[in-house]
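Chemist: turn this into a model:
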Amino acid sequence: MSKRWVSVGGVKIGGGAPVVIQTMTKTRTRNPNTSPRNTPQILEEIKRVANAGAELVRVAVPDDEALHAFAQIVKKSPIPVIADVHFNPKLALGSIEAGAAKLRINPGNIRSKDDLKQIADAAKEKGIPIRIGVNSGSLPPEIMEKHQHPTPQAMIEALSNAIATFEEFGFEDLVIAAKSSDARVTIDVYRMMAERFGYPLHLGVTEAGLPFEGAIRSTAAMAPLLLEGIGDTIRISLTGPAEKEVEACWELLRSLGLRERGIKFISCPGCGRTEIDIERLAREVKKRLKDIKEPLIVAVMGCVVNGPGEAREADYGIAGGKGQGIVFRKGEVVKSISEDKLVDELVGLIEKDVTP
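Modeler: Numbers count the residues shown, from 1 in each chain. From the prediction side, this is the model:
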């Protein structure tokens with residue numbers, strides 16, 4: 001992880017801090033069909049992602065109406081809010097004034113050096129960092145003409161130019177990102193970034209897709225980098241609810257042993273020996289325990305004979321047979337019970353143990 005660090009509303013990114021999880025609201029910042037602003041709906045969405053474990057949230061500021069809403073959102077949000085601004089430098093300046101904890105801009109669509117200097121000066125005065133995010137789909141035209149395609153080299157060149165501009169202004173409170181929808185390009189470009197730049201890195205795969213394929217594509221790109229110590233904050237961008245992005249981020253970091261929060265579920269895939277509805281049981285257990293924040297491993301197994309042994313490292317679990325099953329803790333059987341009571345018994349045991 002990067003040695004340099006920034007503070008985003010008190011949340012440290014880089015400098016050896018744990019990898020920070022963030023997402024972006026999906027609610028339209030304004031709704032012309034009903035009322036001019038969707039502030040209550042956005043705040044409700046932010047509460048949901050915060051409950052899911054988001055530590056930072058990004059909100060789009062596409063116009064003046066959205067900017068007015070943004071000021072209200074910042075005041076009432078339970079977690080620091082990042083302003084996402086494209087094209088319009090006045091909206092970037094307005095977002096800083098409205099209390100943004102961080103600003104995200106793409107130098108590919110704010111081209112004026114004077115405008116960028118105003119933004120840098122305003123951010124420096126308020127003490128907030130800026131994320132420079134280059135995107136494979138919106139690289140500066142002269143760089144695309146030179147490289148023909150959004151290659152890692154093209155993105156590095158765009159990023160280098162942007163960083164040099166901000167350093168010229170005396171502004172170095174930066175987080176940097178280079179987004180691509182291609183997992184291999186993402187790996188290549190972030191390895192180059194980690195070697196070349198010392199700034200904190202925001203990891204992500206842009207336009208990753210629907211939750212299933214999007215999570216796989218993002219994990220394919222981000223897991224190798226995180227295991228190499230590359231990346232200080234992450235977002236898994238999915239076509240779906242923002243809280244699903246947060247859940248996917250936590251699952252990724254838990255699986256790599258980088259963060260702990262809530263329950264890590266493991267379950268067997270089922271086979272010809274399985275005599276219970278393992279999928280139904282697993283979904284029910286996960287739903288019933290969704291509010292547990294303690295870092296635990298819970299197993300749902302389909303075989304009474306091998307279940308406890310296969311899930312020996314789990315803190316709690318159940319294993320089912322034909323019409324019956326067992327509840328176990330740390331590999332030791334706690335109770336044998338009928339199948340219809342397995343979930344209730346497991347949930348009750350866990351809640352009793354973790355409730356102060």
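
Chemist: and stretch 264-271, end to end?
Modeler: The first and last residues of stretch 264-271 sit 22 Å apart, counting by C-alpha to C-alpha, to the nearest Å.

Chemist: isn't Pro211 up against Glu247?
Modeler: No - the pair Pro211 / Glu247 is not scored as a contact, 9.3 Å apart, by C-beta atoms under 8 Å. All C-beta atoms are positioned from the backbone trio N, CA, C, and that covers glycine.

Chemist: comparing those two, which residue is more hemmed in?
Modeler: Glu247 (23 against 17; other C-beta atoms under 10 Å).

Chemist: pLDDT-wise, which helix or strand of the protein ranks last?
Modeler: helix 307-310 (a mean of 73; mean pLDDT, DSSP states H and E).

Chemist: contacts for the helix or strand just after that helix, please.
Modeler: The element immediately downstream of helix 307-310 (helix or strand, assigned by DSSP states H and E) is strand 316-320. With contact meaning C-beta atoms under 8 Å, 6 or more residues apart in numbering, strand 316-320 is reached by 275-276, 278, 281, 285, 296-304, 306-308, 311, 325-329, 339, 342-343, 345-346, 349-350.

Chemist: could you pull out the strands in the stretch 151-300 of the chain for me?
Modeler: Taking DSSP state E, counting those that start in this stretch, the strands of the stretch 151-300 of the chain run over residues 174-179, 202-203, 233-234, 263-267, 296-301.

Chemist: deepest-packed of those, please.
Modeler: strand 233-234 (a mean of 26; mean count of other C-beta atoms under 10 Å).

Chemist: and that strand, how far out from the chain middle?
Modeler: From the chain centre to the centre of strand 233-234 is a distance of 6 Å (C-alpha atoms, centre = their mean, to the nearest Å).

Chemist: list the strands paired with that strand, with their directions.
Modeler: strand 20-24 (parallel), strand 202-203 (parallel) (DSSP bridges).

Chemist: pLDDT score assigned to the closest residue to Ser338 other than its chain neighbours?
Modeler: With C-beta to C-beta, 6 or more residues apart in numbering as the criterion, Ser338 has its nearest non-adjacent residue at 5.6 Å, and that residue is Gln324. In this model, Gln324 is scored at 86, pLDDT.

Chemist: contact partners for the residue nearest to Lys179 when sequence neighbours are not counted?
Modeler: Nearest residue to Lys179, sequence neighbours excluded (C-beta to C-beta, 6+ apart): Thr206, at 3.9 Å. Contacts for Thr206 (C-beta under 8 Å, 6+ apart) come out as 135-137, 179-181, 237.

Chemist: out of the residues you listed, which are buried?
Modeler: Using 16 or more other C-beta atoms under 10 Å as the burial test, the contacts of Thr206 include 135-136, 179-181, 237 as buried.
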